[in-house]
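1. For reference, the sequence and a predicted model appear below.
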Amino acid sequence: MHYVISGQGEAVLLIHGLFGNLDNLKNLSRVLEKQHQVIRVDVPNHGLSEHWDNMDYPQLADAMIDLLDDLQIKQVHVVGHSMGGKIAMAMALLHPDRVISLVIADIAPVAYSPKHQTVFAGLTSLVLDSATTRKSALTHLMAAGIDEPTSQFLLKNLQRTDSGFEWKMNLPGLIHSYDNIIGWDLPLNNDSHFNKPTLFLRGGDSNYITAAYRDDIMRQFPHAIAKTLNGTGHWLHAQKPEIFNRIVSEFIEQNQG
């Protein structure tokens, strides 16, 4: 698994969301690395990490633990956005002794209905050949019904080749694993929970964390607290980075191991 380490101190692991890479939380890393060792990862099937035909949250949580073992890190604070938040929650529930505290950005420990059909259709219908340019790719994705900010974000996954472009991400693997990504299927007992400090941050304009999910959150994370960043959607860390970074860093400082 590809990763970047910066800073020194008690370790913090940052995990990005679907279609992202380790640069998504780089702004937060710059704040945290002043007092912490920060590990940013490319989740499998993303960025420069290995491609898997199938991915699910138990496998992804185990992969993060394997990385910590390789780095000889016993415990970490974990911050995850969206899919990365589910990976972080799976780590905490399946390997609670390895997690000091948890920050979950705009996702709940529940199964969601499909939300990315338009994105997958736009990505799979984009022809990548010698005639493709970033401008033509942007035009295609927007014509497929994907808004410009999301299209620009997706196009960060393009990398040049001798014959044009290719995706860094494993698009077939993500499509094959999509039911697992939007699902929430862990090998747990009904009373399994993470009994340590947990912060859920939600975008005020997002529908990923709603009152309907409160019981699911509190059952699995009984010490959870929640904060809302008004004026933000699902990309709250990018829309209001200063506030997001301050809240996360203060929470981690308050919950040193």
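-> In hand now; what should we look at?
2. For residue 82, give its distance to residue 254.
-> As for residue 82, its distance to residue 254 is 24 Å (criterion: Cβ to Cβ, to the nearest Å). To be clear about C-beta, it is placed using only N, CA and C from the backbone, and glycine gets the same treatment.
3. Comparing the two, which residue is more hemmed in?
-> Neighbours of residue 82 and residue 254, each counted by other Cβ atoms under 10 Å, are more numerous for residue 82; the result is 24 against 10.
4. what's next to the helix or strand residue 238 falls within, contact-wise?
-> Using DSSP states H and E, the element containing residue 238 is helix 236-239. Judged by Cβ atoms under 8 Å, 6 or more residues apart in numbering, the contacts made with helix 236-239 from elsewhere in the structure are 24-25, 27-28, 81, 105-106, 201-203, 206, 229, 231-233, 244-245.
5. Now which of those residues would you call buried?
-> The neighbour-count test (16 or more other Cβ atoms under 10 Å) marks 24-25, 28, 81, 105-106, 201-203, 206, 229, 232-233, 244-245 as buried among these.
6. among these, which are in helices?
-> Mapping these onto helices (DSSP state H) picks out 28, 244-245.
7. wait, which of those residues is closest to residue 157?
-> residue 28 (20.4 Å; Cβ to Cβ).
8. mind checking how far that closest one is from residue 71?
-> Distance of residue 28 to residue 71, computed by Cβ to Cβ: 19 Å.
9. Which element, helix or strand, includes the closest residue to residue 202 other than its chain neighbours?
-> What sits nearest to residue 202 in space, not counting adjacent residues and going by Cβ to Cβ, 6 or more residues apart in numbering, is residue 209, at 4.0 Å. Under the criterion DSSP H and E, no helix or strand holds residue 209.
10. Which residues are in contact with residue 209?
-> 106-108, 200, 202, 217, 226.
11. Also residue 45?
-> If you count contacts by Cβ under 8 Å, 6+ apart, then residue 45 has 51-52, 55, 169-170, 173-174, 177 around it.
12. From those residues, which land in helices?
-> Assignment to helices by DSSP H places the following of the contacts of residue 45 there: 173-174.
13. out of the contacts of residue 45, which one sits closest to residue 86?
-> Within the set of the contacts of residue 45, residue 55 lies nearest residue 86; the separation is 11.3 Å, counting by Cβ to Cβ.
14. Touching, the closest one and residue 175? I think so.
-> No - Residue 55 is beyond contact range of residue 175, at 11.2 Å (criterion: Cβ atoms under 8 Å).
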